Structure formats: C-alpha cells, structure tokens
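Student: Everything below, folded, please.
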Amino acid sequence: MKSSCALLATAMFVVAFLSACSSPGRSYVKSEMVETLEVEIRPDTSKMFVYRLRWPEALIPNHIRVENGNGSSRPVDEGGVSIGRGTYERLLRNATYVVDRAGFCREGFLELDRNISRYHLWIKGECKEGATTADQQKFGEENVLTAKDWVVRN
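Tutor: Residues are numbered from 1 along each chain as shown. Model (predicted):
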C-alpha cells in the first residue's frame, strides 16, 4: 500500500512538473518592462515590425558598485531581465504571440534582426504576407501599438 501511494504521488509530481514546463506562458509581461509593437507598411506592401520589451529609463540604475569592506566590490541588484539560455526563445514566443494577436502577421514572419540585453530586448521582422487594403487602413504607414491593441477583452 505504501509503495503504491508513493508511486502515485511521484506520478502526480511528474505530471504537474511536465505540464508546468510545457506551457510556460508569455515572459516578462508581468514585470516593469514596457511592451510595444512598432509596425510599418511600405509602398511595396511589405509589412515590417519591431517587437520591443524595454525597461523604463527611470528604473535603470546608474551602475553604482557596493564596496564589500575587504576591497572587493559587487554590482548592486540592477533589475532588468536575467539573460540565459531560454531568453531568445521566450522573446520569440512573445513576438509571435503579439504580431498574431494584433492581426499584423497572419501567416507568420521572418526574423531579420534581434538584440537581447538586460534592459532592452527586441526582434525585427517582416511578415510573410503583403499588406491588404484593410491592413493599410487599420495600421496606417507607421504606428506604435501597445498591449491594449492586442490583449483580448472579455
């Protein structure tokens, strides 16, 4: 009986762990970072964008270092994004979600460039499809969209 309970508990833990890992959701959006989508529709109907996550300027520290008393120093906790192996994938997942939800890229996009730093992350891309008349009316030639433009309203 004890072994079957332990086995059941272990199985439940593994299932919970795997489902948490497989559906991490969007990253960085519940932080202080400002999320924007800069869109441009060119005369040849190509649709370009830059998806950005930027830490507010007022919150970026001036890189003061704290003396430890033994002659060494350490950086002050600087906030921002901790850059790691999964940062690019999370940024790409966010960009894909936003261009889709905003209705800007209906058929996906090609990544043209990117930059990842502690306080500013961005991806520049081009939609796979050209702009329609409806796209031109909705987005104009150039526009900066914010979360209110793609968040689902209940």
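
Student: just for this structure, where's the confidence low?
Tutor: Scanning the chain for pLDDT under 70 picks out 1-31, 62-80, 152-154.

Student: Excluding chain neighbours, give the residue nearest to residue 91 in space.
Tutor: residue 121 (5.1 Å; C-beta to C-beta, 6 or more residues apart in numbering). To be clear about C-beta, it is placed using only N, CA and C from the backbone, and glycine gets the same treatment.

Student: so where do the helices sit in the chain?
Tutor: Per DSSP state H, the chain carries helices over the ranges 2-22, 87-101, 133-139.

Student: Can you list the residue ranges for strands in the protein?
Tutor: Secondary structure of the chain (DSSP state E): strands located at 34-41, 47-54, 65-67, 73-75, 109-116, 120-127, 142-146.

Student: Which of those strands sits closest to residue 91?
Tutor: Taking C-beta to C-beta, strand 120-127 is the member of those nearest to residue 91, at 5.1 Å.

Student: Show me what counts as buried in the closest one.
Tutor: Neighbour-count burial for strand 120-127 flags 121-127 (criterion: 16 or more other C-beta atoms under 10 Å).

Student: Return the residues in contact with residue 105.
Tutor: Taking C-beta atoms under 8 Å, 6 or more residues apart in numbering as the contact definition, residue 105 lies against 47, 49, 99, 125, 127-129.

Student: One more: residue 150?
Tutor: The contact partners of residue 150, by C-beta under 8 Å, 6+ apart, come to 37, 98, 101-103.

Student: rerun at 10 Å
Tutor: Contact partners of residue 150, counting by C-beta atoms under 10 Å, 6 or more residues apart in numbering, are 35, 37, 97-104.

Student: ditto for residue 47
Tutor: Contacts of residue 47 (C-beta under 10 Å, 6+ apart): 39-41, 99, 104-106, 109, 125-132, 135-136, 139.

Student: What number of residues are in the vicinity of residue 103?
Tutor: Residues contacting residue 103 under the criterion other C-beta atoms under 10 Å number 13.
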